[in-house]
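**Q** coords below, sequence missing:
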């Protein structure tokens, strides 16, 4: 588990990546069966299943199928304006997020309602060649980044040496233990010295109401810069996926020169 004296530059990450891995589908046959049995008619111009489901949920509350607002955009705009946010909980997306720090995910997982998380395990994964996320402020300064990177390199080397020494100790103490279990024990102990800058990967599933709350809170200009930039990337993905649900969220530039988000209909 020894580290090279000159680590490759790609060990240092400067921006997050967001992968859209799952979206919903509408079971048209069951929707048609419901409408037929209830003697209702319903059509929508929405392309995204999430938008269709949010509209169906809202119309179920008032049995307003075939009545009132005709377009999905008009219907969901009324939902946002009236803050009838519960119907947005039926629209769900799963995102795989990489290139973010443990510091960021400590904040991300505080968003509990409407979210599910699965994160890279430092107990099982060897972090001797882990990537590290450069804080945005240190990306602005060559001198500060060099000082930060020097510190990271010391920790990276110390972790690799400590994990290797711990593995030898565990093997001597418990020769009967399976190699996989020895490695896990060594890594879960040595990880105690890893910094918050350690890059991680996290799979996140959330409904659109929860995602809107995340974007509003973490895309704000006062939020931590790293998670704010992640919120911007998540917004770009979700706005493309569902322009009607996220139409009132806008990308703006803050005085610090970095992008942020502004939500027209707050706390839906």
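**A** Arrived safely. All values reported here derive from a predicted model rather than from experimental measurement.
**Q** now the helix or strand bottoming out on mean pLDDT in the chain, how far from the chain's geometric center?
**A** Across the helices and strands of the chain, mean confidence by mean pLDDT, DSSP states H and E is lowest for helix 179-190: a mean of 92. Helix 179-190 has its average C-alpha position 28 Å from the chain's average C-alpha position, going by CA atoms, centre = their mean, to the nearest Å.
**Q** helix or strand right after it?
**A** strand 199-207 (DSSP states H and E).
**Q** Partner strands of that next one and their direction?
**A** Note on strand 199-207: by DSSP bridges, its sheet partners are strand 92-101 (antiparallel), strand 115-119 (antiparallel).
**Q** average pLDDT for the first one?
**A** The average pLDDT within strand 92-101 is 98.
**Q** Which SSE is immediately downstream of that strand?
**A** Following strand 92-101 toward the C-terminus (DSSP H and E): helix 102-108.
**Q** So which elements touch that following helix?
**A** Contacting helix 102-108 under the criterion 3 or more CB pairs under 8 Å, 6 or more residues apart in numbering; DSSP states H and E are the following elements: strand 199-207, helix 208-218, helix 225-241. Placement of C-beta: from N, CA and C, glycine included.
**Q** Quick check: closest non-adjacent residue to residue 155.
**A** Leaving aside its sequence neighbours, residue 155 sits nearest to residue 195 (CB to CB, 6 or more residues apart in numbering; 5.7 Å).
**Q** quick one on the thing from earlier: dump the helices and strands packed on helix 102-108 to CSV, plus mean pLDDT and distance to residue 82.
**A** As requested, those are exported to CSV (pLDDT from 0 to 100; distance: least, CB to CB, whole Å):
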stretch, mean pLDDT, distance to residue 82
strand 199-207, 98, 18
helix 208-218, 98, 14
helix 225-241, 98, 21
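**Q** circling back to that earlier point, mean neighbour count, the strands paired with strand 199-207: which tops it?
**A** With neighbours defined as mean count of other CB atoms under 10 Å, the strands paired with strand 199-207 peak in mean count at strand 92-101, which reaches a mean of 20.
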